[in-house]
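**Student:** need a structure here:
(one chain, ligands or ions: 1)
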Amino acid sequence: MNARVAIADVAMFPERLLDLRIAQLGIDSFENTQASAERQATMMGRLARYGFDAHAAFLSSKCRGLNCDSRACPAACHVASRLHRAEIILAESELFRHGGEDVHFFTVVPSAWRVAHDKLDAFEPKVVAGLVTRALRSRDAVASFNVELVLCREDDETYWAPHVHGIAKGRRRITIFNSLRDLSTESLTYRPVVVRTVPSQEVPITLNYATKRVDELKVRYFDQEMKPRWRHVPLSGRDQATIDAWRCDRLADAMHFRIGFKRNGRFLVRT
Ligand SMILES: [Zn+2]
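**Tutor:** Next up is the predicted model:
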């Protein structure tokens, strides 16, 4: 990897420049500022409707609206999250595409770390990140991943399950698969470990996917061959407000983790 990669200060970009830079990487579905602001307004209304007034007030006190700073505002802020994702995609695309090694996308659902439906506050992304980091770390490994929460329902049990999406290089695909598989031993219904090699030109869209927030309820059912499947449905208003409130207590970068490199001022550097 390069000695260091500059991190663009995307908050200072004119909006059209940011959209252009993202589009040049082959990403055509990146949310624009207006859509982020609309989602923000909807979220604020919902937080108030479900009794999270203190969270809404806290977010309002931190947020500078369309001029929001990605490092100071809570993770719940859609404007800050958008900028944070843009920073990651621009800088990490350069980092992962340099050097010509194979880059692998991975998904893992560490099944032991689910939390009960009404115990979301007990969930700490750092704990899951520590597990994933221990599994993937080696002298040459470089990886970046996001920890997100998905609400799952199996029969009568409803729980929040961490879903980890990321990219890695410096280790073989099969080594990554074997290292992550052991984090998912408890659930018989998931096939939670996916490791797929991605062509260099697809690194940006893979980062776009890996950093995307997917708020949904997954309901398990069985198909005609009695194989377990998941149906994806939107969260209820109350569940959406609950996870948005949870994100009010965290910064925009609290769900993003790096192995083998770190942020140092306005640069990414190898560790
Ligand atoms: Zn904000």
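**Student:** going forward, measure contacts between C-alpha atoms and count neighbours the same way
**Tutor:** OK.
**Student:** can you pull the contacts of Val219?
**Tutor:** 152-154, 230-233 (CA atoms under 8 Å, 6 or more residues apart in numbering).
**Student:** ok, what's across the strand from it?
**Tutor:** Listed beta-bridge partners, Val219: Arg153, Arg231 (assigned using DSSP bridges).
**Student:** If you average the pLDDT over stretch 117-137, what comes out?
**Tutor:** For stretch 117-137, mean pLDDT is 93.
**Student:** which two in the contacts of Val219 are spaced the farthest apart?
**Tutor:** Glu154 and Val233 (13.8 Å; CA to CA).
**Student:** On the three-state scheme, Tyr221 is what?
**Tutor:** strand (DSSP: H, G, I helix; E, B strand; the rest coil).
**Student:** Quick check, it in contact with Arg231.
**Tutor:** Yes. The pair Tyr221 / Arg231 is scored as a contact, 7.3 Å apart, by CA atoms under 8 Å.
**Student:** the more surrounded of the two?
**Tutor:** Neighbour totals were compared for Tyr221 and Arg231, and Tyr221 leads with 15 against 12 (other CA atoms under 10 Å).
**Student:** next one: stretch 137-149 to chain centre, how far?
**Tutor:** Stretch 137-149 sits 12 Å away from the centroid of its parent chain (CA atoms, centre = their mean, to the nearest Å).
**Student:** What are the contacting residues of it?
**Tutor:** 125, 128-129, 160-171, 210-211, 213-215, 255-261.
**Student:** do that again at 6 Å, thanks
**Tutor:** For stretch 137-149, contacts defined as CA atoms under 6 Å, 6 or more residues apart in numbering pick out 160-171, 255-260.
**Student:** go on, stretch 24-34?
**Tutor:** Ile205.
**Student:** Do you have the strands of the chain handy? List them.
**Tutor:** 4-6, 103-108, 115-116, 142-154, 157-169, 194-198, 217-222, 228-233, 256-259, 261-264, 267-270 (DSSP state E).
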